[in-house]
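S.K.: just need the structure, nothing else, for what follows:
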Amino acid sequence: MPDQNSHEASESSSVSNLKQEKARSESAWTEAWNTGIGAAKSNLLPGLALWLFGTVLIAGYFLNEAVRELLNSVGDFKESYGWKFSLISTAIFGGLIPEIIAWCSKSSRKGGGVVVAGTLLWAYKGVEIDFFYQLQAWLFGDQADLITILAKTICDQFVMVPAFGLVNVVLFYAWRDCGYSLRRMLKTLTKGWYQRMVLPVLIANWAIWIPAVALIYSLPLALQLPVQNLILCFWVLILMFFTRPKEQTHADQPQIS
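M.R.: Below you'll find the predicted structure:
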């Protein structure tokens, strides 16, 4: 009897532990979801400005000859230099300009190394995004019909971004926040790190960038990365403007298209 009672007590304890673990997991997912939704709501006005900017830019390309010629000349330049154009232009528009503006703000000045690190990150991201756009064109074609745009947007925002495109940016900022110490950064990657560190940013990212990415994929392949860079830079600048009262900058809020 004592052995049976001990066995039953052990089973009861195991079941209780499993229930507690499940409750903690559900709570963590709920917290991550609520954090992401809150961030999306707080970025609603910047998001509306971003969508308006992107819509006007795309409409200008299709409706205005001067805008179309200007963007096509940029596209020709991009095709001539390939990944080198992607590296340099994204480093400037996604990294250098935002990081310099953030660094010049007294409330967010963290040293020139932050500018260099952010610029190098977005130089790499430019090549990564360019290759992904080319892969998408190979998989789905370069036409701008509704089905193709929808397929590319879904693959972009629900496969590439959550699996890789956003993860490496979040890990970069975690590494930077740990003083560029890989050992310290790895210690932060405890159980549930994805739902704690990535999921809230991903949800906020979806709310803002799904419409913007759909606009980008309505353009020819040669123009997708240059226009993405313009929209990215505009997003960073308006986000800085809207978050200024909270003394936050884009440098602390990863966003991925």
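S.K.: from here on, just use CA atoms for contacts and neighbour counts.
M.R.: Fine.
S.K.: point out where the stretch 1-150 of the chain drops to low pLDDT.
M.R.: Where the stretch 1-150 of the chain drops to pLDDT under 70, the residues are 1-26, 28, 36, 39-40, 43, 105-112.
S.K.: give me that answer again for 80
M.R.: Applying pLDDT under 80 to the stretch 1-150 of the chain flags residues 1-47, 50, 98-114.
S.K.: what are the ranges of the helices in it?
M.R.: Using DSSP state H, counting those that start in this stretch, the helices found in the stretch 1-150 of the chain span residues 2-42, 44-63, 65-81, 83-90, 97-104, 112-140, 146-155.
S.K.: out of those helices, which comes closest to Val198?
M.R.: Nearest to Val198, of all those, is helix 2-42, at 8.7 Å by Cα to Cα.
S.K.: can I get the helices of the stretch 1-150 of the chain in TSV including mean neighbour count and distance to Pro211?
M.R.: Converted to TSV, those look like this (neighbours: other Cα atoms under 10 Å; distance: least, Cα to Cα, whole Å):
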stretch	mean neighbour count	distance to Pro211
helix 2-42	14	14
helix 44-63	17	7
helix 65-81	14	20
helix 83-90	22	20
helix 97-104	20	22
helix 112-140	18	16
helix 146-155	17	9
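S.K.: how about those in JSON lines, adding distance to Val236?
M.R.: Below are the helices of the stretch 1-150 of the chain laid out as JSON lines (distance: least, Cα to Cα, whole Å):
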{"stretch": "helix 2-42", "distance to Val236": "15"}
{"stretch": "helix 44-63", "distance to Val236": "9"}
{"stretch": "helix 65-81", "distance to Val236": "21"}
{"stretch": "helix 83-90", "distance to Val236": "13"}
{"stretch": "helix 97-104", "distance to Val236": "6"}
{"stretch": "helix 112-140", "distance to Val236": "13"}
{"stretch": "helix 146-155", "distance to Val236": "21"}
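S.K.: for Leu186, which of these is the nearest?
M.R.: Here helix 112-140 is closest among those (Cα to Cα), at 18.7 Å.
S.K.: from the chain's centre, how far out does that closest one sit?
M.R.: 11 Å (Cα atoms, centre = their mean, to the nearest Å).
S.K.: report all helices and strands that that helix contacts.
M.R.: helix 83-90, helix 97-104, helix 146-155, helix 221-243 (3 or more Cα pairs under 8 Å, 6 or more residues apart in numbering; DSSP states H and E).
S.K.: closest one to Val213 among those helices?
M.R.: helix 146-155 (6.3 Å).
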